[in-house]
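Trainee: my questions concern the predicted model and sequence given below.
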Amino acid sequence: MKGTLLRRAAAMLVSAALGAGLCGAPAHAASDDYVHYYTVASASENLMEIAQRFLGSPARSTEIFNLNTGRRQPDGGRLADQNRLQAGWYLVLPWDAVGSGVAYGILPTGKPASTPAETPPAKPRVDLQSVAQTKIKPKGSATPGTCTAAPATGKPSRWGMLKLAAEQAWKHSRGSGQLVAIVDSGVDGRAPQLYGRVTTGADLVTVGPGDIDCLGTGTAMAGLVAAKPLSGLPFGGMAPDSSVMPVRVVTDGKTVSRTNHAAAIETAVGAGASVIALGPYVDLDDGAVVRAVRNAIERNVVVVAPAPVAGQAPGFAGLPDAVIVVGGVAENGMPAAVYAPRTVDVVAPGVNITSIGNNGAGQRADSGTRYAVALTAGTAALVRSAHPELTAPQVAHRVTVTSDRMKGAQPGDSYGNGMVDPVAAITRELPEEATSASGLGGRPEPGNRLAWLSLVLIVLVGGLLITLLVFRIRHAFRAGPASPDQLDLDWPADPAPKL
């Protein structure tokens with residue numbers, strides 16, 4: 001019971017706090033969820049002003065937009081423009097919104113009984129252009145000195161990014177519109193290369209925001225996914241136009257509450273993540289976790305997980321095939337660990353990998369399968385952005401089958417199908433997707449299945465009728481010249497002449 005309540009509390013917190021984060025599909029509040037909301041008082045208001053008034057920063061208007069876009073308002077309208085609001089609309093606000101006019105409860109669905117009583121204080125309209133040109137620095141729950149910088153375990157090297165040819169992949173996709181959830185130690189979003197790319201996230205340990213990282217591993221994973229290339233810093237994430245959502249499940253690198261294993265996945269799905277990158281703390285043999293993973297895939301979310309070390313897991317019993325299980329390799333091609341047999345789908349660089357350090361540490365090098373997971377998750381974000389028509393299982397399939405075989409890699413061994421190849425994953429044509437592209441193949445949505453079956457039936461019946469007609473005509477001609485009444489074509493007889 002306690003675990004259920006904790007998972008529900010975490011899901012409610014993130015649903016109210018994030019929406020869909022900075023990018024990705026919006027995740028609207030359920031009709032029975034308690035949320036912070038505001039009733040628009042005047043059509044002259046805009047989201048920038050509301051974000052400034054209740055959140056302290058006009059830059060956070062994106063969070064409000066993602067929480068509300070597409071949801072039908074009481075007058076039938078829908079939010080589609082930050083500058084176009086109507087009096088009487090209800091706007092769901094992030095969890096930390098405060099101020100006169102902010103209500104808390106179940107979101108109303110009907111029109112307000114009367115015009116909102118409180119008229120917002122007169123303030124100058126926010127200059128959208130000036131805000132857009134301002135570097136956005138996440139609010140962050142961590143303060144300098146709260147956590148110490150995690151030490152580096154290797155010498156900085158770009159071999160991982162060079163091996164995957166990330167910059168070549170950017171010619172085709174940069175991951176725009178994708179929200180990648182990082183389930184690990186949190187993410188310190190204060191690094192310059194992560195400005196504007198990290199949502200507040202969720203800390204399941206303390207039930208609060210997840211944008212604090214005392215271990216550095218989650219921040220490093222986030223950097224490998226979404227770090228922006230900056231002048232003088234020869235490093236960028238696999239999908240530099242994507243955003244990351246930290247889901248913090250550990251603070252000391254040792255203890256992870258079992259109730260948080262499945263809750264982390266449920267939280268990411270509820271917040272609108274399109275890709276989930278799991279660190280090594282989530283037990284993928286746990287029944288609740290398997291169910292959460294299945295639900296994520298059914299909700300069209302790509303799940304990327306680290307391969308288990310031999311002897312530490314029975315072998316992912318019951319885990320869906322659509323999960324991308326990743327192993328790490330060193331620069332010389334040797335596996336980063338002895339992985340459990342028949343668990344690895346693909347491999348990616350995982351030894352001496354350079355990324356962003358926490359607590360202002362700049363760049364640091366580290367090793368671990370989690371970094372191979374992050375690089376693969378970034379690749380999945382590139383594919384999702386380039387091919388939005390593909391389902392999560394199709395994206396996983398594409399990432400897997402387009403991998404570059406190495407050392408004679410075979411499915412089931414330490415290398416799985418081979419090294420992840422972002423360029424091939426984005427650009428290669430797959431015959432099995434040909435019918436899916438027409439909207440008739442792959443996994444049709446329930447609404448399309450009837451149309452698909454109807455078309456097949458029409459083609460079969462039509463073909464049968466044409467075949468019968470041709471047969472009868474050929475039979476008639478073979479019989480030689482005959483009078484019309486000898487051709488048994490079932491034509492109606494001429495009416496008898498009138499006398």
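Mentor: Nice, thanks for sending it over. Residues are numbered from 1 along each chain as shown.
Trainee: give the contact list for Val275.
Mentor: Residues in contact with Val275 (CB atoms under 8 Å, 6 or more residues apart in numbering) are 178-181, 301-304, 377, 380-381, 384. C-beta here means a position set from N, CA and C on the backbone, and glycine is covered the same way.
Trainee: how near is it to Thr109?
Mentor: Plainly put, Val275 is 32 Å away from Thr109 if you go by CB to CB, to the nearest Å.
Trainee: again, but for Val323
Mentor: As judged by CB to CB, Val323 and Thr109 stand 37 Å apart.
Trainee: who's more crowded, those two?
Mentor: In terms of neighbours (other CB atoms under 10 Å), Val323 is the more surrounded of Val323 and Thr109; the figures are 24 against 10.
Trainee: that one and His397 touch, don't they?
Mentor: No - using CB atoms under 8 Å, Val323 is not in contact with His397; the gap is 11.6 Å.
Trainee: just the contacts of Val275 now: which is nearest Val256?
Mentor: The shortest approach to Val256 among these belongs to Ala181, at 16.2 Å (CB to CB).
Trainee: distance of that closest one from Pro422?
Mentor: Ala181 is 20 Å from Pro422, by CB to CB.
Trainee: of the two, which one has the most company?
Mentor: Ala181 (34 against 27).
Trainee: list the contacts of the more buried one.
Mentor: Going by CB under 8 Å, 6+ apart, Ala181 touches 244-247, 267-268, 271, 273, 275-277.
Trainee: can I assume Leu432 sits in a helix?
Mentor: Residue 432: Glu, not Leu. Yes - residue state for Glu432 (DSSP: H, G, I helix; E, B strand; the rest coil) corresponds to a helix.
Trainee: so of the contacts of Ala181, which ones are in strands?
Mentor: Applying DSSP state E to those, the entries found in strands are 244-247, 275-277.
Trainee: quick check: closest non-adjacent residue to Pro240.
Mentor: Lys228 (5.2 Å; CB to CB, 6 or more residues apart in numbering).
Trainee: now Val293
Mentor: In space, Val293 is closest to Val303, 5.5 Å off (CB to CB, 6+ apart).
Trainee: what is the mean pLDDT for the helix or strand harbouring the one you found?
Mentor: Take DSSP states H and E as the rule and Val303 turns out to sit in strand 302-306. Mean per-residue pLDDT for strand 302-306: 97.
Trainee: which residues touch that strand?
Mentor: With CB under 8 Å, 6+ apart as the test, strand 302-306 has contacts from 265, 274-280, 282, 284, 293, 296-297, 322-328, 369-370, 372-373, 376-377, 380, 384, 392, 395-396.
Trainee: partner strands of that strand, parallel or antiparallel?
Mentor: Paired neighbours of strand 302-306 in the sheet (DSSP bridges): strand 275-278 (parallel), strand 324-329 (parallel).
Trainee: right, so of those, which gets closest to Val289?
Mentor: Using CB to CB, the nearest of those to Val289 is strand 275-278, at 9.2 Å.
Trainee: next secondary structure after the closest one?
Mentor: helix 287-298.
Trainee: that following helix relative to strand 302-306, how many degrees between them?
Mentor: Orientation check (axes from the mean of the first three to the mean of the last three CA atoms, to 10 degrees): helix 287-298 against strand 302-306 gives 140 degrees.
Trainee: helix 287-298 - contacts with which helices or strands?
Mentor: Judged by 3 or more CB pairs under 8 Å, 6 or more residues apart in numbering; DSSP states H and E, the packing partners of helix 287-298 are helix 259-270, strand 302-306, helix 392-401.
Trainee: again, only this time at 10 Å
Mentor: Under the contact definition 3 or more CB pairs under 10 Å, 6 or more residues apart in numbering; DSSP states H and E, helix 287-298 sits against helix 2-18, helix 259-270, strand 275-278, strand 302-306, helix 392-401.
Trainee: for the chain, name the helix or strand with the lowest mean pLDDT.
Mentor: The weakest-scoring helix or strand in the chain, judged by mean pLDDT, DSSP states H and E, is helix 128-132 (a mean of 30).
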